[in-house]
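Visitor: sequence unavailable; structure follows:
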C-alpha cells in the first residue's frame, strides 16, 4: 500500500469508526443546521424512490451569477488536473463560477463531515469509491434523480460505460448499493492491469506478455522468476509489488472464488476452499517464490520511491495500474516508449480484474442545486471528460471520449487494452461499512503475508469473515488493533 493511500485509509477508518457511532437521525439533524437550503435539499432527497414520481428539477437562474464551492483533495497527483478543469469550466460558463477548495488528503473525509455537521458543506465534492456509500447512508449527498431524469438526453447517459451510472445508487433502508436513489455521477474510472518495463523484459530475455491476453498465472510465475534479480541475498529487482487484498480479484474471481464479501447478503465470503487456494497462491509469490519484496526488502534503498518511479528505474518489472497516464508519463519522461500495458493472465475460470470508479456528488445542504448540477454535467460530460483525458487522467467514464482521446494512435502503448478489460472487470463489494471491512481484510492479509508472522491462510480468512460479519451486524473493528497494520 502506498504511503498516501495508507494515511488516507487510516484516517477514514478512524473517522468513520467514530462517526459510525452516531445515529443516522443525529447526523441528519446536524445537517439540518444549514437552515432552509438544507431542508429543501433533504426534501428533494426524500423523493424518487422506486414506484414514486421523480420531482421536477429546479432550473438555473440565468439572470445572475451563481458561485459554488468544489471540494477536492490537495497534494494528490491529480490536484492540478482538477484545478485546470475548474479553470476550463469557468471560462466556458457565464452564469456559474466554481471556487476549488483543496483539503489535505489525509483529513478530507473528516473535513467533509465537520463541514456537514456545521452546516457549511461545499456544493460539489470529489469522493473516492470507499467512503461514498458511507456518506450516502448518513444523508450527506443530494439525490440526483430529478436532474438526471430531466437532462438524461443532454447528459447522454447511454454513453457511460455499462452499469457505472446506477452503481452510485444507495438504498438506505435495505442497505444495498446499486439500488434506491442516485447520489453520484461517475467522474473517473480505471481497470487494474499489468504495466511493465519493456527493457527489463528484454534485458532478462523474457518474452513480453501476449498482446491478446492469452496467458495463465503459471505463465506469469515462470516469467516472474526470470525477471527477479538478487545481489547475494539482497533483492535488487522484484517482479512486482505485493497486491493488497482489494486487488486480489484476478486471483479470486478468475479462479472461481467469490468476491471478498457479499454486499447483498451482508456476509464475508473468504472462508471457502477456492478463496483459500487463490490467496495462498498469491501469498506464496512473496513468501516462497520471493518474486515480490517482503517487508524487510521494502526497507532497503532499492525500493524507496513510488511504484511508478520503481517501475521506471527497473526495481519492479511490473506493477498494477488503472491507466493513470499522468503518472506513467511523468515516471517515464526520459524514456517515454519504455512502458507497455498487458492484459491480466487468465485463471481457471477466465480473466478477471478489479474496476476502480470514483464519483462527484452534490452536498445535500447546497443552496445552489441548479448551479452545482451545471458543473456536474460539465465534469461528467464530453467536454469535461475530454479535458481530463488530455491532461492525463484515467480513461473516461464515457465510452466515446475514452475511445477517442484516451487511446492515442501515435503512442507506442496499447491503451485500448484498458478499455477492453471492462469486459471482465469486477467491482469491489462497496457499501456503507466498507472502510471498516477493508481494515479487517488489510489486517489479516498483513498477517498472512508478513514473513515474520505467516498466519495460516485458512485461519486468517475464518477470523476475517467472523469480524466482517460482526461489522455487517452493527459491530465495529476490534479496539486493540490500533488502526491499520503496515502493508
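Guide: Perfect, thanks for sending it. None of the values given here were measured: they were computed from a predicted structure.
Visitor: domain map for the chain?
Guide: 3-189+357-411, 193-354+431-481 (automatic domain parsing).
Visitor: not counting sequence-adjacent ones, nearest residue to residue 99?
Guide: residue 69 (5.4 Å; C-beta to C-beta, 6 or more residues apart in numbering). To be clear about C-beta, it is placed using only N, CA and C from the backbone, and glycine gets the same treatment.
Visitor: quickly find the element holding that neighbour.
Guide: Assigned by DSSP states H and E, residue 69 belongs to strand 66-74.
Visitor: got a list of contacts for the helix or strand just after that strand?
Guide: Later in the chain than strand 66-74, the nearest helix or strand by DSSP H and E is helix 79-92. The contact list for helix 79-92, computed with C-beta atoms under 8 Å, 6 or more residues apart in numbering, reads 70, 72-73, 96-98, 100, 102, 126, 326, 375, 378-379, 383-384, 387-388, 391-393.
Visitor: mind redoing it with 10 Å?
Guide: Residues from elsewhere that reach helix 79-92 (C-beta atoms under 10 Å, 6 or more residues apart in numbering): 70-74, 76, 78, 96-100, 102, 105, 126, 187-188, 326, 374-375, 378-379, 383-388, 390-393.
Visitor: pLDDT on stretch 351-360, on average?
Guide: Across stretch 351-360, the average pLDDT comes to 94.
Visitor: which residues in stretch 82-95 does the neighbour count mark as buried?
Guide: 82, 85-86, 88-89, 93 (16 or more other C-beta atoms under 10 Å).
Visitor: using a markdown table, please lay out those residues together with distance to residue 347 and pLDDT.
Guide: Converted to a markdown table, the buried residues of stretch 82-95 look like this (distance: C-beta to C-beta, whole Å; pLDDT from 0 to 100):
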| residue | distance to residue 347 | pLDDT |
| --- | --- | --- |
| 82 | 37 | 83 |
| 85 | 38 | 88 |
| 86 | 42 | 94 |
| 88 | 42 | 92 |
| 89 | 43 | 94 |
| 93 | 47 | 91 |
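Visitor: pick out the most distant pair among those residues.
Guide: Longest distance between any two of the buried residues of stretch 82-95 is 15.9 Å, between 82 and 93; criterion C-beta to C-beta.
Visitor: helix/strand/coil for the residue of the chain most remote from its centre?
Guide: The centre of the chain is farthest from one residue, residue 63, which by C-alpha atoms, centre = their mean lies 39.0 Å away. For residue 63, the assignment made with DSSP: H, G, I helix; E, B strand; the rest coil gives coil.
Visitor: rewinding a little: packing partners for the strand holding residue 69?
Guide: helix 79-92, strand 96-104, helix 108-117, strand 124-126, strand 353-362, helix 369-380 (3 or more C-beta pairs under 10 Å, 6 or more residues apart in numbering; DSSP states H and E).
Visitor: any idea which of the ones you listed scores lowest on pLDDT?
Guide: helix 79-92 (a mean of 88).
Visitor: list the contacts of residue 238.
Guide: Applying C-beta under 10 Å, 6+ apart, the residues near residue 238 are 224, 227-230, 285-286, 290-294, 297-298, 302-303, 310, 315-318.
Visitor: ok, now with 8 Å
Guide: Counted by C-beta under 8 Å, 6+ apart, residue 238 has contacts 228, 291-293, 297, 303, 315-317.
Visitor: what's the closest of those residues to residue 474?
Guide: residue 292 (36.9 Å).
Visitor: how many residues are close by that closest one?
Guide: 24 (other C-beta atoms under 10 Å).
Visitor: kindly report the same for the one 4 residues further on.
Guide: Here the count is done by other C-beta under 10 Å, and residue 296 has 13 residues near it.
Visitor: same check, this time on residue 205
Guide: With neighbours defined by other C-beta under 10 Å, the count for residue 205 comes to 8.
Visitor: hang on, it in a helix?
Guide: No. Residue 205 sits outside any helix when classified using three-state DSSP, being coil.
Visitor: three-state assignment of residue 122?
Guide: The three-state assignment at residue 122 reads coil, by three-state DSSP.
Visitor: distance to residue 417 for the domains of the chain - can I get that in TSV?
Guide: Formatted as TSV, these follow (distance: least, C-beta to C-beta, whole Å):
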stretch	distance to residue 417
domain 3-189+357-411	10
domain 193-354+431-481	5
